[in-house]
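Novice: Provide a 3D model corresponding to the input given below.
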Amino acid sequence: MTDVLTKAGVLLAIIVLAYALKRIGVFQTADYQILSKLVFRLSLPCAVITAFSEGFQRSGEMYLLALFGLGINIVLWGCCYLACRKRGESSCAFYTQSVAGYNIGAFTLPFIQSFLGSSGVVIACMFDMGNSVMCTGGNYTLTSALMGKTEGNRVKSFLKRFFSSVPIDTYLLLVLLNLCGLSLPLPVLALAERIGDANPFLSMFMIGLMLDFSFEPSHLKKTALVLLLRYGAAMLFSCLFYFLLPYSLEIRQILVVLSFAPISSLTPYFTERLGGETALSSFTASLTFVISIACITALILNMGIGV
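Specialist: Modelled structure (predicted):
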């Protein structure tokens, strides 16, 4: 128990440190953009490469995890759209983009990397392959189409955004190599391991820089509703995953943890493009980071992960 609390406390301390340094002016909010490039284009892909080289086992259930990641996003998005389509474009944009979509790579993956190692990271990555379809533009494309917004070729724009994501390209490349019975050269794996070891620190520091707790009193009601929907759905999906799936205990435990992941870091961007309130979206996303830290730590302790 002490070891779990120590590891979780260190990750939390990194977030708090980054946020505090931003508040006193050592770092600026704009520095988040630089660090995000380092995480998403280097440290996260390297951590994924290391995990796949050590812990990937080819099986049907592993590939089905991607369908789970896509499926629960579609369910959440569909239910949310049906419930809020008559609330006005701004509200519809906020709710559809905030309720569906999980921040796996930059937030939940460092937790799993710290507690479960390579095999856990691979499971999370396979789930994230499906989740990323919605997070990188699927939610936005569907909502935009149903709201009747006129733009260029939505499918082309979505595919360009999806395949320009370095982590997603890394997932796909590694799965393809595995299917072909190939692997990356040992020097490449050695370098990736060293860079990937820095991923938990860089990811948590990046999150600390992006946190924004400024809000208007009018934001609280909408934020509370999103939190209720997201974490209510998390409890439902986690019970279904843990008690009904005929998978190994490790996979079921990780799916439970992933169910409590916070809002995707791309949500404020897509909310703004749909005509929603960016400040409201950023505030809500920041709150989910705090809540998810508490939830995931409690789950890890309760399920005995990494003990």
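
Novice: give the contact list for the residue most central in space within the chain.
Specialist: For the chain, the residue sitting closest to the mean C-alpha position, by C-alpha atoms, centre = their mean, is Asn103 at 1.4 Å. Taking C-beta atoms under 8 Å, 6 or more residues apart in numbering, we find Asn103 in contact with Cys135, Ala261, Pro262, Ile263, Ser264, Ser265, Phe289. For the C-beta atoms, the positions are set from N, CA and C on the backbone; glycine is no exception.

Novice: and those as TSV, adding distance to Asn199?
Specialist: What follows is the contacts of Asn103, written out as TSV (distance: C-beta to C-beta, whole Å):
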residue	distance to Asn199
Cys135	18
Ala261	16
Pro262	17
Ile263	20
Ser264	18
Ser265	15
Phe289	17
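
Novice: and which of those is nearest Thr6?
Specialist: Among the contacts of Asn103, Phe289 lies closest to Thr6 (C-beta to C-beta), at 20.0 Å.

Novice: I'd like to know how many residues surround the closest one.
Specialist: Per other C-beta atoms under 10 Å, the neighbour tally for Phe289 reads 21.

Novice: and it, which of the three is it?
Specialist: helix (DSSP: H, G, I helix; E, B strand; the rest coil).

Novice: Contact partners for it?
Specialist: The contact partners of Phe289, by C-beta under 8 Å, 6+ apart, come to Ile15, Asn103, Phe107, Ile207, Leu211, Pro262.

Novice: about what we covered before: how about the residue nearest to the centre of the chain, phi and psi?
Specialist: For Asn103, the backbone dihedrals (degrees, to the nearest 10) come out as phi -90, psi 90.

Novice: Model confidence at it, what's the number?
Specialist: Note for Asn103: predicted pLDDT of 95.

Novice: Against Ser286, how distant is it?
Specialist: 12 Å (C-beta to C-beta, to the nearest Å).

Novice: Low-confidence bits of the stretch 201-307 of the chain, can you list those?
Specialist: By pLDDT under 70, the weakly predicted segments of the stretch 201-307 of the chain are 306-307.

Novice: Helices of that one, residue ranges please.
Specialist: Remark: helices assigned in the stretch 201-307 of the chain by DSSP state H, counting those that start in this stretch are 219-244, 249-259, 267-273, 278-303.

Novice: Give me the angle between the last one and helix 249-259.
Specialist: What that stands for is helix 278-303. 150 degrees (axes from the mean of the first three to the mean of the last three C-alpha atoms, to 10 degrees).

Novice: so how far is helix 278-303 off the chain centroid?
Specialist: Distance, stretch centre to chain centre, for helix 278-303: 11 Å (C-alpha atoms, centre = their mean, to the nearest Å).
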